[in-house]
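Novice: Would you be able to build a 3D model of this:
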Amino acid sequence: MDTPSPAAELSEEAAAMRALSDLLGREQACLSAGDADGCAALLEEKAVLVAAMAGHASLRHRRLAEKGFPADEQGMRYWLATAPPAACAAWDALMAVTREAHELNRVNGVLLGQLAARNRRALEALGAAGSATGLYGPAGQADYAPPRAARVVG
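Specialist: From the prediction side, this is the model:
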């Protein structure tokens, strides 16, 4: 019995990647708006989609190996050199949506870095506004220094 083609589920893989790309677009909107709760609400769906993508790639790699090709993207390129045109077109469609998702993910990383830097600066400003330690004493004095921990002698 012949093993199924490595391209047998490329349309399903592309659909899963499109769903991930759409989710990354929603995540970008949340990041742009500074909506941390909105971003957090997407995490579970994102994890499910990433797991689905990993499953598709694993199946494709296994099918490549069963046909004697390396079980990776290079093996897919080798296999595509002799594949029917429909398989090549399906692969090209998957790669197009993958590039789109990759760019969305890259931009989201930049936005996340900017938000983290803004939060860090805000926290630093809050700490500097009080005193050197950023702490107040029991009577409200700004020059409070917390008690030192007992020294361990040994």
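Novice: Name the spans of this protein whose pLDDT lies under the cut-off.
Specialist: Scanning the chain for pLDDT under 70 picks out the ranges 1, 128-154.
Novice: and the residue nearest to the spatial centre of it, what element?
Specialist: For the chain, residue 105 is the residue whose C-alpha lies nearest the centre (C-alpha atoms, centre = their mean; 6.3 Å). Per DSSP states H and E, residue 105 falls inside helix 85-130.
Novice: How far away from the center of its chain is that helix?
Specialist: Centroid separation for helix 85-130 versus its chain: 8 Å, with C-alpha atoms, centre = their mean, to the nearest Å.
Novice: what packs against that helix?
Specialist: Under the contact criterion of 3 or more C-beta pairs under 8 Å, 6 or more residues apart in numbering; DSSP states H and E, helix 85-130 touches helix 10-33, helix 73-80. C-beta: built from backbone N, CA, C; applies to glycine.
Novice: picking up where we left off before, show me the contacts for the residue nearest to the centre of the chain.
Specialist: By C-beta atoms under 8 Å, 6 or more residues apart in numbering, the contact set of residue 105 is residue 24.
Novice: Quick check: the gap between it and residue 31.
Specialist: Going from residue 105 to residue 31 by C-beta to C-beta, to the nearest Å gives 11 Å.
Novice: buried stuff in stretch 20-31?
Specialist: Within stretch 20-31, the residues that count as buried by 16 or more other C-beta atoms under 10 Å are 20, 21, 23, 24, 26, 27, 28, 30, 31.
Novice: Could you double-check that the second one sits in contact with residue 101?
Specialist: Yes. Here residue 21 lies in contact with residue 101, judged by C-beta atoms under 8 Å, at a distance of 4.0 Å.
Novice: Show me which of the buried residues of stretch 20-31 is closest to residue 95.
Specialist: Ranked by distance to residue 95 (C-beta to C-beta), the buried residues of stretch 20-31 are led by residue 21 at 12.5 Å.
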